[in-house]
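Enquirer: only the shape, not the letters, is given here:
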């Protein structure tokens, strides 16, 4: 069925189901692509400028010859939203997926009549697709699973560039999904044995009224991670970056993960061992309440309502955290 939604493809707008990139694109050949994914609150984009700044940092470091400026990208994002708004329900939120690669590689130039340019794709789809199954996690919490797959350190593959070379993250997800029980999310250690990050989320613990999070050395420095520091300033809560080992997590009072679509989710277990009381902690709840107040959206209620609406959305198809046996 045609959704009616349009996708920005290098200056053109094409139907969502027809949006394609070349089999010769460097994104497919090397995972040579940077990307960002955003969300809105009450249809207003949240931290879009910060997402685009991080995106362009990756473009610069990877030397992708992009001619678009941050203002150009921002305008394209808002134009994409404008074109798609008629196909969103009143209570839907916009989730942008922005992908940039260096485009087809030079050896394939004859196929494109010598015209080679970066590939820029901006898709806009309902946030509820991403978070539909997450509502129960606010009650049960996540069981963080330490995987044998380690985070790749910055001197081997810079994690602060949000890139599509993500096989190691997928391997961690597959490993975590093989644990018994539900709500198992991967938590990776760095090569020194310190907690790094999840496979699309940043990690925090709380101990004696202080929030701690891994240093920004071998992790993606998340936009939502940064926002926790802002909220902590609002609430006069100390938030510290430091090396965290698994013992620190086991003995923490509470823990949580942050990510753009769900904002903040409690982590109530580590390897099936309760963290604190085994439920969302008071500081975690306080941070989430303040976030909801700041954006004028009851985040928990919104995500739980999406869950009711999309209860049959995925069926038995794999998700980023669950894989159907072959």
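Expert: In hand now; what should we look at? Source: prediction; values computed, not measured.
Enquirer: what are the ranges of the helices in this protein?
Expert: 26-30, 48-61, 70-84, 128-131, 137-140, 167-177, 223-235, 246-250, 282-295, 299-309 (DSSP state H).
Enquirer: so which of those comes closest to residue 192?
Expert: Nearest to residue 192, of all those, is helix 246-250, at 12.4 Å by Cβ to Cβ. From N, CA and C alone the C-beta is placed, and that goes for glycine too.
Enquirer: give the buried residues for that closest one.
Expert: The neighbour-count check on helix 246-250 (16 or more other Cβ atoms under 10 Å) flags 246, 248, 249 as buried.
Enquirer: per-residue confidence at the last one?
Expert: Right, the one you point to is residue 249. On pLDDT, residue 249 comes in at 98.
Enquirer: so what's it up against?
Expert: 144, 195, 205, 255, 270, 275 (Cβ atoms under 8 Å, 6 or more residues apart in numbering).
Enquirer: can I get the residues you listed in a markdown table with neighbour count?
Expert: Output for the contacts of residue 249, formatted as a markdown table (neighbours: other Cβ atoms under 10 Å):
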| residue | neighbour count |
| --- | --- |
| 144 | 29 |
| 195 | 26 |
| 205 | 27 |
| 255 | 30 |
| 270 | 21 |
| 275 | 26 |
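Enquirer: which pair in those residues spans the largest distance?
Expert: Pairwise distances among the contacts of residue 249 were taken by Cβ to Cβ; the largest, 12.5 Å, belongs to 195 and 275.
Enquirer: so what's the residue nearest to residue 166 when sequence neighbours are not counted up against?
Expert: Spatial nearest neighbour of residue 166, excluding adjacent residues (Cβ to Cβ, 6 or more residues apart in numbering): residue 31 at 7.2 Å. Residue 31 sits next to 163, 164, 165, 166, 167 when contact means Cβ under 8 Å, 6+ apart.
Enquirer: if any of these are buried, put those into a ChimeraX selection.
Expert: A single ChimeraX command selects the buried members of these (16+ other Cβ under 10 Å):
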select :163,164,166
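Enquirer: surely residue 158 touches residue 61?
Expert: Yes: counting by Cβ atoms under 8 Å, residue 61 is a contact partner of residue 158 at 7.2 Å.
Enquirer: so which of the two has more stuff around it?
Expert: Using other Cβ atoms under 10 Å, the more surrounded residue of residue 158 and residue 61 is residue 158, with 16 against 13.
Enquirer: residue contacts, that one?
Expert: So residue 158 contacts residue 61 (Cβ under 8 Å, 6+ apart).
Enquirer: that one and residue 55, how far apart?
Expert: Residue 158 sits 14 Å away from residue 55, going by Cβ to Cβ, to the nearest Å.
Enquirer: what does residue 8 give?
Expert: Taking Cβ to Cβ as the measure, residue 8 falls 14 Å from residue 55.
Enquirer: go on, residue 150?
Expert: Residue 150 is 26 Å from residue 55, by Cβ to Cβ.
Enquirer: those two - which one has more neighbours?
Expert: Using other Cβ under 10 Å as the criterion, residue 150 and residue 55 rank with residue 55 on top: 21 against 16.
Enquirer: which residues does the more buried one contact?
Expert: 34, 35, 36, 73, 98, 100, 162.
Enquirer: repeat for residue 213
Expert: 202, 203, 204, 205, 225, 228, 239, 240, 241, 242, 244.
Enquirer: just among those residues, which is most surrounded?
Expert: Busiest of the contacts of residue 213 [other Cβ under 10 Å] is residue 205, holding 27 neighbours.
Enquirer: which positions in stretch 269-286 come out as buried?
Expert: So for stretch 269-286, counting by 16+ other Cβ under 10 Å, buried means 269, 270, 275, 276, 280, 281, 283, 284, 285.
Enquirer: I'm done for today, thanks for sticking with me.
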